[in-house]
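Novice: Got a predicted model here, sequence first, then my questions.
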Amino acid sequence: MQGVLSGFAVIAVVIGVGYVLGRRGSLGERGGEVLTRLAFGVAGPALLFTTLARADLAVLFSSRLLVTALSTAAVFGVFVAVGVVRRWGVGRTTIGALCSGYVNSGNLGIPIAAYVLGDASLVAPVLLFQVVLVTPVALTVLDLSGMGEKGTVGRRLLTPLRNPIAVGSLSGVVVSAAGWKVPDPVMDPLTLIGNMSVPAALLAFGMSLHGSALLSRGRNRAPVLLSMGLKSVGQPLVAWVLARAVFGLHGAPLLDVVVTSALPAAQNLFTYASRYRVAESLARESVLLSTVVSVPVLVGVAAVLG
């Protein structure tokens, strides 16, 4: 328990430093963007590759992946049902559903898995499930609804192959499954680069919090609050019930799946909303609000299950 809370404390301090940097403008107007690109485009893929290349695939493809998939499907279904009844439209409903169950497995998931759960590879099942299955399906729905560019459905289906995080993860899985040993002259530089991922991601996240509004008034209030509730409370609760009652998980495995389910909505959802010019404020506010609420939720989960 003490170790888990200490891990959260370390993360909170680094995020706080990032907030101060953002408030003071120490890294310039685009400093946070540069750090994010570094974390997601270079350091994050390197960290996941080096971790998964030496990981036990039995842990990666286990009941934890099923818990993640089922809990995600459950909250997606609830939001879609409400969206249909309230007539929020395909675009807003799709983005809102993503905000209800698409966790921040990269920006916060990697550092939390590394510092709190003790193994960065534990976030890989969630990450792969999202980038390989959820993202292509959701973006294809937006394309077919007429919000994307014409003729881009096939391109959207290949989204995972253009995602550096996904490429790094899948490459590590292939190396581990094949039983290959990466030579030290190759692995050592990748390990060094990967070590930048956690601090860069946390600093960038802290910088992004400066000047952001939590919740605006208007028609987005209801879908924002619904997506935040499903993401912060509904998904981890469903994951806990499934893990305990259906799959019989206890101890560390139970903590792992509930913590990863309690992660806030991913920041790249705002990128998707911006790309399709739909529900941008919904995505921005849902991500930010779920991030703020996730702090006490994650601490509470660690206190109860850690």
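Specialist: That came through, no problem. Residues are numbered from 1 along each chain as shown.
Novice: Could you pull out the helices in the stretch 151-300 of the chain for me?
Specialist: Shown for the stretch 151-300 of the chain, the helices assigned by DSSP state H, counting those that start in this stretch span residues 153-157, 164-178, 184-194, 197-209, 221-229, 235-241, 251-261, 268-276, 280-305.
Novice: List the buried residues in the second one.
Specialist: Judged by neighbour count using 16 or more other CB atoms under 10 Å, the buried positions of helix 164-178 are 164-170, 172-173, 175-176. For glycine as for every other residue, the C-beta is placed from the backbone atoms N, C-alpha and C.
Novice: Give me the residues contacting stretch 80-96.
Specialist: The contact list for stretch 80-96, computed with CB atoms under 8 Å, 6 or more residues apart in numbering, reads 79, 97, 138, 141-142, 145, 147, 222-223, 226-227, 269, 272-273, 276, 278-279, 282-283, 286.
Novice: which of those residues count as buried?
Specialist: The neighbour-count test (16+ other CB under 10 Å) marks 79, 97, 138, 141-142, 147, 223, 226-227, 269, 272-273, 276, 278-279, 282-283, 286 as buried among those.
Novice: give the contact list for the residue lying closest to Val198 once chain neighbours are set aside.
Specialist: Distances taken as CB to CB, 6 or more residues apart in numbering put Pro111 closest to Val198, at 4.2 Å, once the chain neighbours are dropped. By CB under 8 Å, 6+ apart, the contact set of Pro111 is 11, 197-198, 201-202.
Novice: who touches Pro164 in this structure?
Specialist: 40-42, 44-45.
Novice: Look up which helix or strand the closest residue in space to Ser286 that isn't next to it in sequence falls in, please.
Specialist: Distances taken as CB to CB, 6+ apart place Cys99 nearest to Ser286, at 3.8 Å, with adjacent residues excluded. Here Cys99 sits within helix 90-101, counting by DSSP states H and E.
Novice: Skipping its backbone neighbours, what lies nearest Pro125 in space?
Specialist: Leu65 (4.2 Å).
Novice: The one you found against Phe129, yeah?
Specialist: Yes - in this structure, Leu65 is within contact of Phe129 by CB atoms under 8 Å, at 6.4 Å.
Novice: Setting aside sequence neighbours, what's the nearest residue to the residue nearest the centre of the chain?
Specialist: Central residue of the chain (CA atoms, centre = their mean): Asn104, 1.7 Å from the mean position. Spatial nearest neighbour of Asn104, chain neighbours left out: Ala266 (4.4 Å); criterion: CB to CB, 6+ apart.
Novice: I'd assumed Gly118 was in a helix, is it?
Specialist: No - counting by DSSP: H, G, I helix; E, B strand; the rest coil, one finds Gly118 to be coil, located in no helix.
Novice: where does the chain have its least confident helix or strand?
Specialist: helix 153-157 (a mean of 60; mean pLDDT, DSSP states H and E).
Novice: And stretch 39-57, what's buried?
Specialist: Under the neighbour-count criterion of 16+ other CB under 10 Å, stretch 39-57 has 39-40, 42-53, 55 buried.
Novice: what does stretch 68-83 give?
Specialist: Those would be 68-72, 74-76, 78-80, 82-83, for stretch 68-83 by 16+ other CB under 10 Å.
Novice: Please report how far the residue nearest to Gly168 when sequence neighbours are not counted lies from Gly91.
Specialist: Excluding the flanking residues, the one nearest Gly168 by CB to CB, 6+ apart is Pro45, at 2.8 Å. Going from Pro45 to Gly91 by CB to CB, to the nearest Å gives 30 Å.
Novice: hang on, the earlier thing: looks like the residue nearest to Ser286 contacts Ser281 (just checking).
Specialist: No - at 11.6 Å, Cys99 and Ser281 do not qualify as touching, with contact defined as CB under 8 Å.
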